[in-house]
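S.K.: can't give you the sequence, but here's the structure:
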């Protein structure tokens, strides 16, 4: 139990750092896009993966970005970061309970259930809309007739849906385990 408490303390600290760093990074990557050293990394695919358009793959670093396209990019990045950010909150709540020795409590089960629904909704809404925003950024500077908007749904979405469903089922098992433990404690 001591090991769980110790690791959970470290995880809480790490999650607190991520809660601050994640939104900053989502915005900073777009603000630093014109800075030469950062642009080299972008051109090498370090920060942005190439965007698939009907005309082929497009690297963000090669595009003439305007204020509008950068704004759309920032909004898209922030929107895509929100599910991860909320997920970090739910995980932090569970790890805080673990630091106090509360493992199979109702609050942890609810954290996992919320995390599962977050995976599920992210796969159905946020990921497709994030792809739409990135395609818009990649093609908005194209001449009329060569701009695209598309929604896509594929294997990564199915993986997230699967993970979400598994987490929801695990939360149901934890809720049932908590209920059985509560009944057992009341039995004399």
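M.R.: Looks like it arrived, so ask away. In this text the structure is predicted, and so the values were computed from the model without any measurement.
S.K.: how about residue 134, what does it touch?
M.R.: 51, 73, 76 (Cβ atoms under 8 Å, 6 or more residues apart in numbering). Every residue, glycine included, has its C-beta placed from N, CA and C.
S.K.: buried subset of these as a PyMOL selection?
M.R.: To isolate the buried ones among these in PyMOL, judged by 16 or more other Cβ atoms under 10 Å, type:
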select buried, resi 51+73+76
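S.K.: from the contacts of residue 134, pick the one nearest residue 187.
M.R.: Nearest to residue 187 among the contacts of residue 134 is residue 76, at 54.1 Å by Cβ to Cβ.
S.K.: wait, residue 133 sits on residue 76?
M.R.: Yes - using Cβ atoms under 8 Å as the test, residue 133 is close enough to residue 76 to be in contact (3.1 Å).
S.K.: what segments of the protein are strands?
M.R.: In the chain, the strands defined using DSSP state E lie at 51-53, 56-58.
S.K.: right, so of these, which gets closest to residue 174?
M.R.: Of the strands of the chain, nearest to residue 174 by Cβ to Cβ is strand 51-53, at 39.1 Å.
S.K.: so where is the chain shaky, pLDDT-wise?
M.R.: 188 (pLDDT under 70).
S.K.: can you map out the helices along it?
M.R.: 2-31, 36-43, 67-99, 106-121, 127-139, 155-186 (DSSP state H).
S.K.: out of the ones you listed, nearest to residue 58?
M.R.: Taking the helices of the chain one by one with Cβ to Cβ, helix 127-139 is closest: 4.4 Å.
S.K.: buried stuff in that closest one?
M.R.: By 16+ other Cβ under 10 Å, the buried positions in helix 127-139 come out as 127-128, 130-139.
S.K.: find the nearest non-adjacent residue to the spatially most central residue of the chain, please.
M.R.: Centroid-nearest residue in the chain, with Cα atoms, centre = their mean: residue 84, separated by 2.8 Å. Of all residues beyond its chain neighbours, the one nearest residue 84 is residue 22 (6.4 Å), with distances taken as Cβ to Cβ, 6 or more residues apart in numbering.
S.K.: show me the contacts for the one you found.
M.R.: Counting by Cβ under 8 Å, 6+ apart, residue 22 touches 81, 84-85, 88.
S.K.: I'd like the buried residues of helix 127-139 as JSON lines, with distance to residue 38 appended.
M.R.: Listed next are the buried residues of helix 127-139 as JSON lines, based on distance: Cβ to Cβ, whole Å:
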{"residue": "127", "distance to residue 38": "25"}
{"residue": "128", "distance to residue 38": "28"}
{"residue": "130", "distance to residue 38": "21"}
{"residue": "131", "distance to residue 38": "23"}
{"residue": "132", "distance to residue 38": "25"}
{"residue": "133", "distance to residue 38": "20"}
{"residue": "134", "distance to residue 38": "18"}
{"residue": "135", "distance to residue 38": "22"}
{"residue": "136", "distance to residue 38": "22"}
{"residue": "137", "distance to residue 38": "17"}
{"residue": "138", "distance to residue 38": "18"}
{"residue": "139", "distance to residue 38": "23"}
